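K.L.:
Okay, predicted coordinates and the sequence, questions at the end:
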Amino acid sequence: MKNFGLIIAGVAFFFIGLIWMVGSGEAGPISDPKPAMLADTVHINLDETPTVETDSMAQSRETLFKEIKKFNQVVYDIKNRYMEDVDTRELINAGIRGMLEDLDRFSVLLERKSYDQLMESTSGKYEGLGMEIDSRDDHITIVTPMEGTPAYRKGLRSGDQILEIDGHSTYKMTTADAAKLMRGTAGTVVNLKIQRTGDTNPMDFEVERAVIELKSVNYYGVIDGTDIGYIRLSRFAEETSRELREALTDLNSRGVNSLIFDLRSNGGGLLQQAVETSELFIEEGKLVVYTKGKFADSERRLYSKQKPLYPDKPLVILVNQGTASASEIVAGAIQDWDRGVIMGYPTYGKGLVQQIFTVGNDGDIALKLTTAKYYVPSGRCIQRPDHQDKVHPEDMMAGEEMMDEETDTKPADTLNTTEKEIYYTNGGRIVYGGGGILPDMEIKDDDVFQPIEIAMERKSLFFDYAVKYFADHPDASKNLEINDKILDDFKAFTETKAFDYKTSLEFALDELKSAINDEGSDSVYNAAVKSFESLITQEKKADFEHSREYIQRAIKREIVSKIDGQRGVYEELILKSDPAVKQAVELLKDKKEYTRVLTAGKDQAMINKDKSKN
């Protein structure tokens, strides 16, 4: 009983400490005391000034202490009276999760693994071998070795199957377990047994671990036959602005007069990097973003502090539904200062300021709590109100080298602006609130994935075929054309894999058959059902031809990736055939149209009103 009394006392002190941390804003990471600010979901700030407590706050605090007594009583009753033993740590953590359940989706309890993954995604570094992996056909398969890493230098290839890691069989092993075995202190060695397609006997590789740096700039270059530069940015990590400065300096030296800056599917990262990225394009001293929370003194305003490296030449920012948080800050600043054209689809709308608070002294958990929202210079809030559903932290390990942000399947807004709040850019153009960034130009693209395409991607058929094709054609060139012969070969390959999928009509028919069965009317509708099944079979036979162009691109993507890695994919596919890139190039080539887009939508009455004030 004495021990349990100590537990209850500990719980009470934990909540007292939590209250003071929330009130003062003084907190830190689980193990790293260095301040950091993340715009994707987190803002860590150790230096905020405590908010002055008012009478109403004091009353609220008194009420809170009374309610905590209820929590303590429940803990006591469960621990002492429940029919089975309960783990105290799990009980308390479950209570914390319950408190967070009704808050916004990004206020969560971070356990050690989730916290480490969050920190790693922003530091952009880890110690390991440097390759993406996946679990396929009951073993771990190398998706791609990253250029310049130990895995790449040792000659490991995309499609290689890892049979053993330091003697441990990978049969039925998860990617998280495989990653754990392959990661470790730089300078130590991992022994891998590899089975390569086309080779009869497995091969042994001894690979030395190293510090792996995850690049933010996936690719940059000049589009063939133009003076248009292209930069692809996938994250905002510690080295992002440095990488971007190097890329822009090189492109400037190569005579680039226009730029496509690709932020599609960039889920965010460090807030400071978003500011430093924005100041590469906008004038020194301009507002980039500001925050507002519960209290008046919570507002923080962040400005560009350096002269831009790419100050006035034409600029197109590519965005889509996966463009979020830090990416939206950059896109919003560019749009509000009329510095470039935003092209694509409405962005995600994730703009919550959060702080990480330590919980307890053992370093096992931390509280990630929303404290404010982000606003771009025109006054628009980035956060989309309907993106509030709860998302719980989970094992997001996608491979040996990295993990993804939590994903969301909710569609972004359309460009319907009828009921949206109106704001104005610096030049007087109308822009709209409601969350996310609405593009200045929508992409003219009917790129809707068909069921056959989704199924083929999900089952890795393009990747698996590329492995087979490269084994049969080791001298294949990255500029190969996917002709009818290759398509026929791929189709035969899918048949050997017993490939099948369901169309939306097929799912609907399954529901109808279930209803017919429940009604006991099989004999009445049997002929009609068989007729529908025959039509679906014919439809699926035609699907391959309908998706022919997509299938050709996907096959080439995977084969080129095996031959020339990520750079080859950008140079042979994205820069040549990506619909968004092609439309951006067309706009940048037409200077009059570019200028028209940047000046269209101005509210003349607003402009005249501003002039009269001056």
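P.N.:
Yes, it's here. Because the structure is a prediction, the values reported are computed rather than measured.
K.L.:
would you list every one of the strands in the stretch 351-500 of the chain?
P.N.:
Applying DSSP state E, counting those that start in this stretch to the stretch 351-500 of the chain gives strands spanning 352-359, 365-375, 422-424, 430-432, 441-442.
K.L.:
can you redo the ones you listed as TSV with distance to A471, mean neighbour count and mean pLDDT?
P.N.:
All C-beta atoms are positioned from the backbone trio N, CA, C, and that covers glycine. Formatted as TSV, the strands of the stretch 351-500 of the chain follow (distance: least, Cβ to Cβ, whole Å; neighbours: other Cβ atoms under 10 Å; pLDDT from 0 to 100):
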stretch	distance to A471	mean neighbour count	mean pLDDT
strand 352-359	47	23	80
strand 365-375	46	21	86
strand 422-424	56	15	93
strand 430-432	52	20	93
strand 441-442	42	16	94
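K.L.:
Look up which residues are beta-bridged to the closest residue to S298 other than its chain neighbours.
P.N.:
Leaving out its chain neighbours, the residue that sits closest to S298 by Cβ to Cβ, 6 or more residues apart in numbering is A372, at 5.6 Å. Beta bridges link A372 to G293, V353, judged by DSSP bridges.
K.L.:
circling back to that earlier point, kindly reformat the strands of the stretch 351-500 of the chain as CSV containing distance to A584.
P.N.:
Output for the strands of the stretch 351-500 of the chain, formatted as CSV (distance: least, Cβ to Cβ, whole Å):
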stretch, distance to A584
strand 352-359, 30
strand 365-375, 26
strand 422-424, 25
strand 430-432, 20
strand 441-442, 9
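K.L.:
ends of stretch 186-204, how far apart?
P.N.:
20 Å (Cα to Cα, to the nearest Å).
K.L.:
related to what we said a few turns ago, between the strands of the stretch 351-500 of the chain, which gets nearest to R245?
P.N.:
R245 lies closest, by Cβ to Cβ, to one member of those: strand 365-375, at 23.9 Å.
K.L.:
quick one: the closest one to strand 352-359, angle?
P.N.:
Per axes from the mean of the first three to the mean of the last three Cα atoms, to 10 degrees, the angle that strand 365-375 makes with strand 352-359 is 160 degrees.
K.L.:
Convert the C-alpha atoms of strand 365-375 to CSV, please.
P.N.:
In CSV, the C-alpha atoms belonging to strand 365-375 read as follows (Å, rounded to 0.1, in the frame of the first residue of the first chain):
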residue,chain,number,x,y,z
ILE,A,365,7.4,10.1,-23.2
ALA,A,366,6.8,13.7,-24.2
LEU,A,367,3.7,15.7,-24.8
LYS,A,368,3.2,17.3,-28.2
LEU,A,369,0.6,20.1,-27.7
THR,A,370,-0.9,22.6,-30.1
THR,A,371,-0.4,26.1,-28.8
ALA,A,372,-1.1,28.4,-31.8
LYS,A,373,-1.7,28.6,-35.6
TYR,A,374,0.4,29.8,-38.5
TYR,A,375,-0.7,32.8,-40.6
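K.L.:
Give the other helices and strands that that strand contacts.
P.N.:
helix 88-100, strand 108-111, strand 287-293, strand 352-359 (3 or more Cβ pairs under 8 Å, 6 or more residues apart in numbering; DSSP states H and E).
K.L.:
The stretch 151-300 of the chain: helices as residue ranges?
P.N.:
Remark: helices assigned in the stretch 151-300 of the chain by DSSP state H, counting those that start in this stretch are 175-182, 240-253, 271-278.
K.L.:
I'd like the average pLDDT over the second one.
P.N.:
Averaged over helix 240-253, pLDDT sits at 97.
K.L.:
contacts for that helix?
P.N.:
Applying Cβ atoms under 8 Å, 6 or more residues apart in numbering, the external contacts of helix 240-253 come out as 215-217, 220, 222, 229, 231, 233, 259, 269-270, 273, 276-277, 280, 309-310.
K.L.:
got it, and the last one?
P.N.:
Outside helix 271-278, the residues within contact range by Cβ under 8 Å, 6+ apart are 37-39, 43, 233, 236-238, 240-241, 244, 268, 288-289, 302-304, 306, 325-327, 329-330, 333-334.
K.L.:
I'd like the distance between the most centrally placed residue in the chain and A584.
P.N.:
What sits nearest the mean C-alpha location of the chain, by Cα atoms, centre = their mean, is G267, with 3.7 Å. Using Cβ to Cβ, to the nearest Å, G267 is found at 21 Å from A584.
K.L.:
Following the record's annotation, map out the domains of this structure.
P.N.:
125-213, 451-578 (automatic domain parsing).
K.L.:
so of the ones you listed, which one's packed in deepest?
P.N.:
domain 125-213 (a mean of 17; mean count of other Cβ atoms under 10 Å).
K.L.:
Endpoints of it, how far apart?
P.N.:
End-to-end for domain 125-213, by Cα to Cα: 5 Å.
K.L.:
That one: how far from the chain's middle?
P.N.:
24 Å (Cα atoms, centre = their mean, to the nearest Å).
K.L.:
Contact partners for the residue nearest to S265 when sequence neighbours are not counted?
P.N.:
In this structure, S265 finds its nearest non-sequential neighbour in G322, 3.6 Å apart by Cβ to Cβ, 6+ apart. Applying Cβ under 8 Å, 6+ apart, we find G322 in contact with 264-267, 348.
K.L.:
Much appreciated, bye for now.
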